[in-house]
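Student: All I have is the shape, not the residue letters:
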């Protein structure tokens, strides 16, 4: 949960300089939700690929072994200061990913901006998924059930 906490602290710092946190004119609470995700493949943590070559290596490897996503979520009630965080995981199993698909994904470029170069929702990749253990929203970076439970937790008196 480290990186979502770091993001939250940076946002809180910026909000404090804008004096947004102290403007409590609403009767409704204000929530800050941050999330981050990494991909774990064969025991190695994969963030966003640094270059096309690394993206190619990442994506090609998903044909050989399952990838896991580990996502963290932190919810802060800015009105009360109450915080709650958690994490969720999912596993993705792929069929063989052809080189032509990998080339197309890299030429398109969007795989360079996501953890592990992993985009299960992409139309070139989704037909190549054998199975997902966990939820699609968790794989995509914001697990709904976890986020909803954290929101309820910070809203409790």
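Tutor: Cool, got the structure. What you see is a predicted model, and the numbers here were worked out from it, not measured in a lab. Numbering: from 1, shown residues only.
Student: Tell me where the protein has helices.
Tutor: Assigned by DSSP state H, the chain shows helices spanning 2-17, 52-61, 99-108, 136-139, 144-155.
Student: Mind putting those helices into JSON lines with mean pLDDT, distance to residue 75 and mean neighbour count?
Tutor: C-beta here means a position set from N, CA and C on the backbone, and glycine is covered the same way. Output for the helices of the chain, formatted as JSON lines (pLDDT from 0 to 100; distance: least, Cβ to Cβ, whole Å; neighbours: other Cβ atoms under 10 Å):
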{"stretch": "helix 2-17", "mean pLDDT": "64", "distance to residue 75": "9", "mean neighbour count": "14"}
{"stretch": "helix 52-61", "mean pLDDT": "97", "distance to residue 75": "30", "mean neighbour count": "18"}
{"stretch": "helix 99-108", "mean pLDDT": "97", "distance to residue 75": "33", "mean neighbour count": "15"}
{"stretch": "helix 136-139", "mean pLDDT": "96", "distance to residue 75": "16", "mean neighbour count": "20"}
{"stretch": "helix 144-155", "mean pLDDT": "97", "distance to residue 75": "4", "mean neighbour count": "16"}
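Student: Reformat the ones you listed as TSV; add distance to residue 126.
Tutor: Formatted as TSV, those follow (distance: least, Cβ to Cβ, whole Å):
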stretch	distance to residue 126
helix 2-17	27
helix 52-61	14
helix 99-108	11
helix 136-139	10
helix 144-155	19
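Student: show me what contacts the spatially most central residue of the chain?
Tutor: With distances taken as Cα atoms, centre = their mean, residue 141 lies nearest the centre of the chain, 2.8 Å away. By Cβ atoms under 8 Å, 6 or more residues apart in numbering, the contact list for residue 141 reads 35-37, 69, 71, 115.
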